[in-house]
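Novice: test case, fold it:
(one chain, ligands or ions: 2)
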Amino acid sequence: MLSHRLKKTFTRPTRDVAHQIRRFATKPEAIKLDLSPCVRGILTDVQDPDTPIDISGWVSSSRISKNVAFLDIKDGTTYEGIQCVIRPPSLLPSDIKNGTGVQVKGIWSEGKGKQKYEVHVNGTNQGNVDVLGPVDELFPMIKSSHSAQYLRTIPEYRWRDQSLAAILRFRSQVETTLVNFFDSQMFIKTHPPLVTASDCEGAGELFKIESSSKLKNDEQFFGKDAYLTVSTQLHLEVICAALSRVWTLTPCFRAEESDTNRHLSEFWMLEAEIAFVDHVSQLTKFSEKMIKSVVKNLADDHNGMGSNLINTVDKATAQIMIDRWEMLLSKDWDSITYTEAIKIIQDAVDSKLVEFDTRPIWGDSLKSEHEKWLAGKYFKNPVFVTDYPLEEKAFYMKINEKIAEEAGTTVACFDLLVPDIGELIGGSMREHDLQKLKNEIERRGMDTTPLNWYLKLRENGSVPHGGFGMGFERLLQYLSCTENIRDVIPFPRSARNCLC
Ligand code: 4AD
Ligand code: MG
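Specialist: Ligands and ions are numbered 1, 2, ... in the order given. Presented below is the predicted three-dimensional model:
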């Protein structure tokens, strides 16, 4: 009945509604509903010469001579700018500096120099320049180049730096590529919680959370201890047990004090969980395909993804990037077991091929220096290391049948190591047998209570499954050859560093 009434209203508007619509449409001062054109849009959808055009952005450079002034306008939607040619230069407001927010009205014209097109501003009917947001003399971004360290001290302005802005555009494009990749593989993007009652990795790196009003008394907001998640895996497994192929990209939080160029306290992790897989190699192959889908878009310059990065760095860095992308696509990535990795490292140390702070023996964790050497120098490409010792890894990993050559028990897991960064992905098969999982939790002396819900998952319809987590910033850092992880996330957080 209701839907019938609605249909009637919309197909045949009452006289009242029709009158309202007419009144609005013909009102001369009707609000402008379209967005004003952005630089990327103007350069993609090129107008015919002699069309009036309206550009809003920030001045990235200016040059004034006796007869003419040039303004380069950028708005951050692309690395490219639009040159405005102003004649006579007296049309230029006096307070123009780099970083000034402006609106330029002029005529779209064929360019005379390097630019294919430019905007001519020639006076009253032929355009003008309006200042929307002036900058003062002390504005640090008037200078065009600053060190990355200095820029980190001015978080409110640093993304106005052209190379850094390119990183944020890149970040957005990588996410879009991954959304499309997972969609093409029939995965469901899902949204696990960031507030959790369990320590997924069991490494004790949790941030505890409490409402500030409850801190004064002994009450707890959630009625129990609650934390910011270190990994959404456990919740993702719940959803995987219903939807088979799921993924997510969320912030994760770790109270690690390590002050390195690849650690953050708040970082984004891409996690995928897949039902009905039996072997770690299915996970490694899949994750290789996932990363290559991003690299392929870069190498093909899909949507200007590659040129966005290349055109905002110096020539030498651009070449390093291009070589890296080509190398990543050039062949299938190697995969070795942890036991083989230890042997390779020991042999290299013993034959004085390389020196490390520590010479690892079976059972030790691989240190960052070992990981970077294996990928960067030995394989010169990403390499999967599988089947680590049980004691090195988290409780949920599936235990392998023991192989004679191994000095101890291993689990069905993998790390993806990449040159310069080290670990980019950690993943594993999950123990889906209730009793075996219980035994392992007890053996480790862990409290089972916070994990009861997770164990219950194994009571009904529990099937073989596995998954992985990839540090999103580490991927961006690696592909864009950025030295410090703090420069690929808008507002980096690490110990004693939460500037705004
Ligand atoms: O190896 P991790 O600890 O694996 C997990 O948390 C699993 N539960 C994931 C899963 O199977 N769903 O973390 C995964 C990745 C690391 O390989 C690394 O790239 C990144 O997360 N990572 C960090 N990135 C930046 N800063 C930190 N502090 C990071 N800690 C881990
Ligand atoms: Mg790991």
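
Novice: near ligand 1, which residues of this structure?
Specialist: 200-201, 231, 233, 254, 256, 263-264, 267, 269, 271, 423-427, 467-471, 473-474 (CB under 6 Å from any ligand atom). C-beta here means a position set from N, CA and C on the backbone, and glycine is covered the same way.

Novice: just the buried ones from those?
Specialist: 200-201, 231, 233, 254, 263-264, 267, 269, 271, 423-427, 467-471, 473-474 (16 or more other CB atoms under 10 Å).

Novice: mind checking which of the residues you listed are in helices?
Specialist: In helices, defined here by DSSP state H, the members of these are Gln233, Glu473, Arg474.

Novice: and Asp218, what is it in contact with?
Specialist: With contact set as CB atoms under 8 Å, 6 or more residues apart in numbering, Asp218 has no partners.

Novice: which SSE is it in?
Specialist: If you go by DSSP states H and E, Asp218 is not part of any helix or strand.

Novice: surely Cys84 and Gly106 touch.
Specialist: Yes - between Cys84 and Gly106 there is a contact at 6.2 Å, judged by CB atoms under 8 Å.

Novice: okay, now Val46: neighbour count?
Specialist: Using other CB atoms under 10 Å, Val46 has 11 other residues around it.

Novice: in three-state terms, label it for me.
Specialist: Of the three states, Val46 takes coil under DSSP: H, G, I helix; E, B strand; the rest coil.

Novice: what's in contact with stretch 278-291?
Specialist: Against stretch 278-291 from outside (CB under 8 Å, 6+ apart): 178, 181-182, 185, 272, 274, 277, 328, 332-333, 335, 382, 384, 386-387, 412-414, 416, 425, 427-429, 464, 466-468, 470, 475.

Novice: stretch 440-452: end-to-end distance?
Specialist: The first residue of stretch 440-452 is 14 Å away from its last residue (CA to CA, to the nearest Å).

Novice: what are the buried residues along that stretch?
Specialist: Neighbour-count burial for stretch 440-452, counted by 16+ other CB under 10 Å, picks out Glu440, Ile441, Leu451.

Novice: the last one and ligand 1, how far apart?
Specialist: Counting by CB to the nearest ligand atom, to the nearest Å, the separation of Leu451 from ligand 1 is 14 Å.

Novice: same question, the second one
Specialist: Note on Ile441: its distance to ligand 1, by CB to the nearest ligand atom, is 16 Å.

Novice: what's that residue sitting at in phi/psi?
Specialist: Main-chain torsions, Ile441, degrees, to the nearest 10: phi -60, psi -40.

Novice: that one against Thr448, yeah?
Specialist: Yes - counting by CB under 8 Å, Thr448 is a contact partner of Ile441 at 5.6 Å.

Novice: common neighbours of these two, please.
Specialist: What both Ile441 and Thr448 touch, as defined by CB under 8 Å, 6+ apart, is the set Leu455.

Novice: Asp334 pairs with what?
Specialist: Asp334 has the following beta-bridge partners by DSSP bridges: Val383.

Novice: skipping its backbone neighbours, what lies nearest Val488 in space?
Specialist: Leu476 (4.2 Å; CB to CB, 6 or more residues apart in numbering).

Novice: scratch that, Asp161
Specialist: In space, and not counting its chain neighbours, Asp161 is closest to Leu151: 5.8 Å by CB to CB, 6+ apart.

Novice: tell me the secondary structure for that neighbour?
Specialist: Counting by three-state DSSP, the backbone at Leu151 sits in helix.

Novice: do Val102 as well
Specialist: Per three-state DSSP, Val102 ends up strand.

Novice: Gly57 versus that one, what's the distance?
Specialist: Applying CB to CB, to the nearest Å, the value for Val102 to Gly57 is 7 Å.

Novice: touching both of these two, which residues are there?
Specialist: What both Val102 and Gly57 touch, as defined by CB under 8 Å, 6+ apart, is the set Ile73.

Novice: just checking, the residue nearest to Val488 is part of a helix?
Specialist: Yes - the assignment for Leu476 is a helix, going by three-state DSSP.

Novice: okay, it: pLDDT?
Specialist: pLDDT, Leu476: 98.

Novice: begin at 635, not 1, for the rest of this chat.
Specialist: Understood, numbering begins at 635; the last thing we discussed is Leu1110.

Novice: burial count for it?
Specialist: Neighbours of Leu1110 under the rule other CB under 10 Å: 22.
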